[in-house]
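Novice: from the sequence below, what's the structure:
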Amino acid sequence: MGAERRPLSAYRELQERHPEWFSRPTPLPDLPQLTPDPRLANESAVYMLRCQINGWGRATQIELTSESESGTGTVRRQLREVKFRPSFDATGEPVEANFEAEIVGFRN
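Specialist: The predicted model follows:
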């Protein structure tokens with residue numbers, strides 16, 4: 001079984017017991033850190049994130065809004081590296097889903 005298929009199999013088993021856990025995508029870990037150490041950051045900005053999470057757990061169609069327009073390119077690139085647990089339909093198949101969150105981006 002391929003490396004990508006093992007988590008899907010485990011998620012399907014869990015979904016049978018707890019379908020509410022899989023109704024929307026979730027970043028892995030729950031609070032991803034987009035910079036190695038926020039204490040080293042010179043500045044930060046709060047962003048409203050809207051994107052699609054595909055069936056493989058990757059963010060696409062990333063939209064970031066913030067009062068500070070600087071740094072959105074860096075945050076967008078970092079978000080492409082974050083892995084998400086995808087949303088699943090009633091049959092246990094991963095599906096594309098909307099994801100929205102308020103995040104804090106740090107810049108050095």
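
Novice: surely Trp21 is within a strand?
Specialist: No - assignment of Trp21 by DSSP: H, G, I helix; E, B strand; the rest coil gives helix, placing it outside any strand.

Novice: next structured bit after the lengthiest helix in the chain?
Specialist: When the chain is parsed with DSSP state H, its longest helix is helix 5-17. Next helix or strand after helix 5-17 toward the C-terminus (DSSP states H and E): strand 26-28.

Novice: quick one: strands adjacent to whichever helix or strand comes after that next one?
Specialist: Proceeding N to C from strand 26-28, the next assigned helix or strand is strand 43-53, under DSSP H and E. Neighbouring strands of strand 43-53 in its sheet, by DSSP bridges, are strand 59-65 (antiparallel), strand 97-107 (antiparallel).

Novice: so which of the ones you listed comes closest to Trp21?
Specialist: With Cβ to Cβ as the criterion, Trp21 lies closest to strand 97-107 of the strands paired with strand 43-53, at 13.4 Å. (Glycine included, C-beta is placed from N, CA and C.)

Novice: ok, residues contacting that closest one?
Specialist: With Cβ atoms under 8 Å, 6 or more residues apart in numbering as the test, strand 97-107 has contacts from 24-25, 34-35, 38, 41-53, 59, 66, 70-71, 74-75, 78, 84, 86-87.
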